[in-house]
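# missing the sequence, but the structure's below:
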DNA sequence: ACAATCATGGAGTTAGTGACTCCACAATTG
DNA sequence: CAATTGTGGAGTCACTAACTCCATGATTGT
């Protein structure tokens, strides 16, 4: 039996979710390294040929670069902190439209008297602001206490060497 | 040819939009007055029998009351400033779920390492905050300059009488 | 009491599209 | 040249928002 997502509105698409996950995966690679489609798909449990489409959009959008042939794959084009969710959203979904008449109000039959459109815009702005201020870096898993301790020691050693 | 809404994610349902429009319509009636389904539907260009369903939800949700029989119809149960968009959303759409694994993270295969869910929650909170702070009153059309002038004169006359 | 008028309830129907698949093709490299 | 990798696009499928229909129940004026 396939358990499915009871659909309610205001939800994000899987494509967008997949894109973000994949980008985070790429961001976690030691810098500059690339990963093939299959690796990403398997690690993130994303259907391979569907992810192909998503990645193509990311390539077209300039967020990742792809190399063909043996040892090919995808890698980030910019540092994680320079890639915002807004950019990802724009690449995957385009312009955000909460309602039909969001920008082309001429089509809206309530053109003149419509008082709600301002609220929808406020909503859109709030969402986009969060998208704009959230970068891939914010989505990277925080180092555990142990890891942070290691980093600290590393730093200390550096300072010690610098002082010597 | 039927022109249709190019669907992009993060959009609000028509049901919700219809609900809000209808409530605003009711709020504009001189207080206590009720309007029948047909009146609302026609004024707002909403398919009659679809609106019936929406209104039923609003009744069940306690936002409007309905009276059957001749001269029946719907009217607001509370003052416009006491009805928030959040309440309307809850009645029409239920709990907001931006992604599948929003609350039942056990189902999420990335349970442990998932760093994005916090962003989705931030998003949800931002949207819900706007919904919570926006009431029907905020959606009522502002009086035009002319109307405001009339109101002002009305007030002056009152004061004049009071002074006399 | 009755008929007109109103909402209620629930079982359809439909079109659109998000999510996913498949396959042929193009580029790269050992 | 053969293996490996991404590209491109047409095609499929299931789900559901949006909408319809009809039978039923409540209320009120006459």
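Alright, I've got the coordinates. As the structure is a computational prediction, the values presented were derived from the model and not from experiment.
# what's the spacing between residue A:114 and residue A:99?
Residue A:114 is 10 Å from residue A:99, where distance means C-beta to C-beta, to the nearest Å. C-beta here means a position set from N, CA and C on the backbone, and glycine is covered the same way.
# Ok, residue A:76 next?
34 Å.
# does any bit of stretch A:94-103 sit next to DNA strand D?
No - figure legend: stretch A:94-103 not in contact with DNA strand D (C-beta under 7 Å from any atom of the strand); closest approach 8.7 Å.
# Quick one: list the elements packing against the helix or strand hosting residue A:39.
Here residue A:39, judged by DSSP states H and E, is contained in helix A:37-44. Other elements packing on helix A:37-44 under the criterion 3 or more C-beta pairs under 8 Å, 6 or more residues apart in numbering or on different chains; DSSP states H and E are helix A:14-28, helix A:48-60, strand A:73-76.
# Go ahead and confirm residue A:85 touches residue A:20.
Yes - here residue A:85 lies in contact with residue A:20, judged by C-beta atoms under 8 Å, at a distance of 6.9 Å.
# List the residues that contact the spatially most central residue of chain A.
Centroid-nearest residue in chain A, with C-alpha atoms, centre = their mean: residue A:20, separated by 3.1 Å. By C-beta atoms under 8 Å, 6 or more residues apart in numbering or on different chains, the residues touching residue A:20 are A:85, A:88, A:139, B:116.
# Close to DNA strand C: what parts of chain A are there?
Neighbours of DNA strand C within chain A, by C-beta under 7 Å from any atom of the strand: A:13-15, A:18, A:46-50, A:52-53, A:67-72.
# Adding mean pLDDT, write the helices and strands packed on helix A:37-44 out as JSON lines.
Below are these laid out as JSON lines (pLDDT from 0 to 100):
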{"stretch": "helix A:14-28", "mean pLDDT": "96"}
{"stretch": "helix A:48-60", "mean pLDDT": "97"}
{"stretch": "strand A:73-76", "mean pLDDT": "96"}
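# can you list those in a markdown table and add distance to residue B:134?
Formatted as a markdown table, the helices and strands packed on helix A:37-44 follow (distance: least, C-beta to C-beta, whole Å):
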| stretch | distance to residue B:134 |
| --- | --- |
| helix A:14-28 | 26 |
| helix A:48-60 | 34 |
| strand A:73-76 | 39 |
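# Flag the shaky bits of chain A, pLDDT-wise.
The model of chain A has pLDDT under 70 over residues A:1-8, A:104-113, A:143-164.
# Tell me where it has strands.
Secondary structure of chain A (DSSP state E): strands located at A:64-67, A:73-76.
# ranking the ones you listed by burial, who's on top?
strand A:73-76 (a mean of 20; mean count of other C-beta atoms under 10 Å in any protein chain shown).
# now check that strand, is it near DNA strand D?
Yes - using C-beta under 7 Å from any atom of the strand, strand A:73-76 reaches DNA strand D at A:73-74.
# What distance do you get for the closest residue to residue A:65 other than its chain neighbours to residue A:64?
Among residues not flanking residue A:65 along the chain, residue A:77 sits closest, at 5.2 Å (C-beta to C-beta, 6 or more residues apart in numbering or on different chains). Note on residue A:77: its distance to residue A:64, by C-beta to C-beta, is 6 Å.
# do residue A:141 as well
20 Å.
# Report the two members of the contacts of residue A:20 separated by the largest distance.
A:88 and B:116 (11.2 Å; C-beta to C-beta).
# So how do I select the buried members of the residues of chain A next to DNA strand C in PyMOL?
Those of these that count as buried under 16 or more other C-beta atoms under 10 Å in any protein chain shown are selected in PyMOL with:
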select buried, chain A and resi 13+14+15+18+46
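# Looking at residue A:88 and residue B:116 now, which is surrounded by more residues?
Remark: of residue A:88 and residue B:116, residue A:88 carries more neighbours, 22 against 19, as counted by other C-beta atoms under 10 Å in any protein chain shown.
# What sits closest to the more buried one if chain neighbours are left out?
Take residue A:88 and drop its neighbours on the chain: the residue closest to it by C-beta to C-beta, 6+ apart is residue A:19, 5.4 Å away.
# How many residues are close by that neighbour?
As a burial measure, residue A:19 scores 26 neighbours (other C-beta under 10 Å).
# Pretty sure it sits against residue A:54.
Yes - the pair residue A:19 / residue A:54 is scored as a contact, 5.3 Å apart, by C-beta under 8 Å.
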